[in-house]
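*Asks:* Sharing a model prediction with you, sequence too.
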Amino acid sequence: MDTFLEWLQNLPIFVTIAESPSVWGYATVLMLHTVGLGWLVGLNTVVNLRLLGVGKRVPLDVFESLFPLMWWGFWLNLVTGVILFCLDAVHKAHQWIFGVKLLSIALALVVLLRERHELARQRESRIGAEVELATARQYAWLSFALWAVATTTGRLMAYVG
């Protein structure tokens, strides 16, 4: 496995990005990763806050349009995250905290899908008033926790083995 990881991180494209003194190298990839994170988690936070009762005068239907935008943020993060991994694949693959980060992201995405399902269910069952969203509220709190773990572990990867 380490042989593959060494080969991967020594590919010319990743060596160039890692060693480039230009702002268009590592700094740009990291900046785009941060933008994708802000886009995904920021919009998910807006949905979570609404599910928790903030802005009750705004219909829940409005928030369904945010999900495609969240997926754009996810795909940007996926691409830039793979690049960031490949820049130091041997080290990152052996970090326990990297596994925690990936697991928390996977679980947060499952919760995101469940939130969307709950919004759709609410839309279909609404008869003039908002139905009880207890399950969606639980998903909102879980989403906050999982994204907090994902962002914290992502940041700690630079400091923790």
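*Replies:* In hand now; what should we look at?
*Asks:* What residues of the worst-scoring helix or strand of the chain on mean pLDDT count as buried?
*Replies:* Least confident helix or strand of the chain, by mean pLDDT, DSSP states H and E, is helix 96-125 with a mean of 91. Buried residues in helix 96-125, defined by neighbour count with 16 or more other CB atoms under 10 Å: 97-98, 100-101, 104-105, 107-109, 111-112, 114-116, 118-119, 122. Bear in mind the C-beta positions are built from the backbone N, C-alpha and C, glycine included.
*Asks:* swap in stretch 31-38?
*Replies:* For stretch 31-38, using 16+ other CB under 10 Å, the buried residues are 32, 33, 36, 37.
*Asks:* burial count for residue 72?
*Replies:* 13 (other CB atoms under 10 Å).
*Asks:* Correct me if wrong: it contacts residue 38.
*Replies:* No - counting by CB atoms under 8 Å, residue 72 stays clear of residue 38, with 11.9 Å between them.
*Asks:* which neighbours do the two share?
*Replies:* Counting by CB atoms under 8 Å, 6 or more residues apart in numbering, residue 72 and residue 38 have no common neighbour.
*Asks:* low-confidence ranges in this structure?
*Replies:* Scanning the chain for pLDDT under 70 picks out 125-132.
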